[in-house]
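In: Fold the following for me, if possible:
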Amino acid sequence: METLSKLHPLVVHFPVALFSVYVLFEVINLFLQDEKFHKWINLILLIGVLGGITAVLTGNQAAASLQQNFQNVSSNIVEAVEEHESYATITLWFFAVLLAARFYLTTKKKFNKLLKVTFVILALIGMFLIYETGEHGGELVYGLGIGTELFH
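Out: Predicted structure coming up:
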């Protein structure tokens with residue numbers, strides 16, 4: 001399973017990119033009246049959530065591998081890993097709920113201007129969650145050396 005943990009740095013960038021594109025498309029959607037565009041947004045969000053699941057699973061495996069291979073990990077490292085893990089999980093659930101709501105509203109053809117604005121606001125909140133998750137992940141790598149030769 002340690003192999004999965006090594007995939008985390010590779011797979012994590014896909015959902016970040018897809019969620020970022022999702023936010024951009026949600027903003028563009030404010031100015032469009034195209035029903036097909038909703039389907040594209042849903043598809044990008046779906047692939048982002050699937051990538052997010054992969055990133056969270058590989059990240060959880062990386063955290064387990066860290067604690068297993070380094071029995072005496074300092075408390076500040078454990079705390080930093082837990083904060084990153086918490087933000088990643090919250091971010092994934094947030095976008096999964098957005099996906100479910102978008103699928104429902106698209107299927108029922110209930111999107112109006114107010115809902116479009118609401119989804120832009122929610123997408124921007126999601127972008128903040130992505131930022132926080134990345135900030136905490138970056139601290140692990142660049143601040144504490146986790147996953148680099150510095151830590152071995």
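
In: Just after the longest helix anywhere in the chain, pick out the following helix or strand.
Out: Assignment by DSSP state H gives helix 35-69 as the longest helix of the chain. Using DSSP states H and E, the helix or strand that follows helix 35-69 in sequence is helix 75-107.

In: right, and the helix or strand after that next one?
Out: Under the assignment DSSP H and E, the closest C-terminal helix or strand after helix 75-107 is helix 113-138.

In: Show me what that next one is packed against.
Out: Packing contacts for helix 113-138, counted by 3 or more Cβ pairs under 8 Å, 6 or more residues apart in numbering; DSSP states H and E, involve helix 13-29, helix 75-107. Using the backbone N, CA and C atoms, a C-beta is placed for each residue, glycine as well.

In: Could you tell me the angle between that helix and helix 13-29?
Out: If you take axes from the mean of the first three to the mean of the last three Cα atoms, to 10 degrees, helix 113-138 sits at 160 degrees to helix 13-29.

In: Give me the angle between helix 113-138 and helix 35-69.
Out: Computed by the same axes, to 10 degrees, the angle between helix 113-138 and helix 35-69 is 20 degrees.

In: How far does helix 113-138 sit from its chain's centre?
Out: 10 Å (Cα atoms, centre = their mean, to the nearest Å).

In: Can you give me the buried ones in that helix?
Out: For helix 113-138, burial by neighbour count (16 or more other Cβ atoms under 10 Å) applies to 116, 119-120, 122-123, 126-127, 129-130, 132-134, 136-137.
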